[in-house]
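Student: just coords:
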């Protein structure tokens, strides 16, 4: 395996970066007692403040049945709960449990510390450029994910497109 150095192969360096981020996510999920799909779903739920099961199915690419089981597991683990949508009592919102998010913060504390040390190497202008990249790369990765899902025959039925919230 190539070792990244100042003038190293950009492709290799970027792949090593993505692998490290992915492995950190796997380790964090395991430390929190969650599967990676649950970890990702909890991240989505906490970033949005809550999602319907239909929205969560679309965002995760899981079937509606798999999403229901995922929500059940998050509830049993004490990370999320189902609540009635205040705008439409027929709909259910899956929302994070604030105390549980404190546990997640403890899990990711080491990663945040190490990344903060890396970011401290950069000037404010360089950090602005890095965060501009993150802001634009995230939608690009989401678009690539959707493209993969559209062009690859699913091994299971998947929820796609916009849902009516359920």
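Tutor: Right, received. Where do you want to start? None of these values were measured; they are calculated from a predicted model.
Student: now the helices: where do they sit in this structure?
Tutor: For the chain, the helices identified by DSSP state H occupy 10-31, 36-48, 53-60, 64-76, 98-119, 124-151, in order along the chain.
Student: reformat those as a markdown table; add distance to residue 89 and mean pLDDT.
Tutor: Just so you know, the C-beta spots here come from the backbone N, C-alpha and C atoms, and that holds for glycine as well. Putting the helices of the chain into a markdown table (distance: least, CB to CB, whole Å; pLDDT from 0 to 100) gives the following:
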| stretch | distance to residue 89 | mean pLDDT |
| --- | --- | --- |
| helix 10-31 | 33 | 93 |
| helix 36-48 | 20 | 94 |
| helix 53-60 | 15 | 92 |
| helix 64-76 | 18 | 95 |
| helix 98-119 | 23 | 91 |
| helix 124-151 | 31 | 94 |
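Student: for the protein, what's the longest strand?
Tutor: strand 88-96 (DSSP state E).
Student: list the neighbouring strands of that one plus their orientation.
Tutor: Listed by DSSP bridges, the sheet partners of strand 88-96 and their directions read strand 51-52 (antiparallel), strand 80-85 (antiparallel).
Student: just name the most buried of those strands.
Tutor: With neighbours defined as mean count of other CB atoms under 10 Å, these peak in mean count at strand 51-52, which reaches a mean of 22.
Student: what's the mean pLDDT across that one?
Tutor: In this model, strand 51-52 has an average pLDDT of 94.
Student: please list all residues in contact with the residue nearest the centre of the chain.
Tutor: To find the centre residue of the chain, average its C-alpha atoms and take the closest one (CA atoms, centre = their mean): that gives residue 40, at 3.7 Å. If you count contacts by CB atoms under 8 Å, 6 or more residues apart in numbering, residue 40 has them with 25, 60.
Student: residue 42 too?
Tutor: With the criterion set at CB under 8 Å, 6+ apart, residue 42 makes contact with 34, 74, 79, 80, 96, 104.
Student: tell me what angle the longest strand of the chain forms with helix 98-119.
Tutor: On the basis of axes from the mean of the first three to the mean of the last three CA atoms, to 10 degrees, strand 88-96 is oriented at 50 degrees to helix 98-119.
Student: just want the angle from strand 88-96 to helix 53-60.
Tutor: Orientation check (the same axes, to 10 degrees): strand 88-96 against helix 53-60 gives 40 degrees.
Student: list the buried ones in strand 88-96?
Tutor: For strand 88-96, burial by neighbour count (16 or more other CB atoms under 10 Å) applies to 91, 92, 93, 94, 95, 96.
Student: I'm done for today, thanks for sticking with me.
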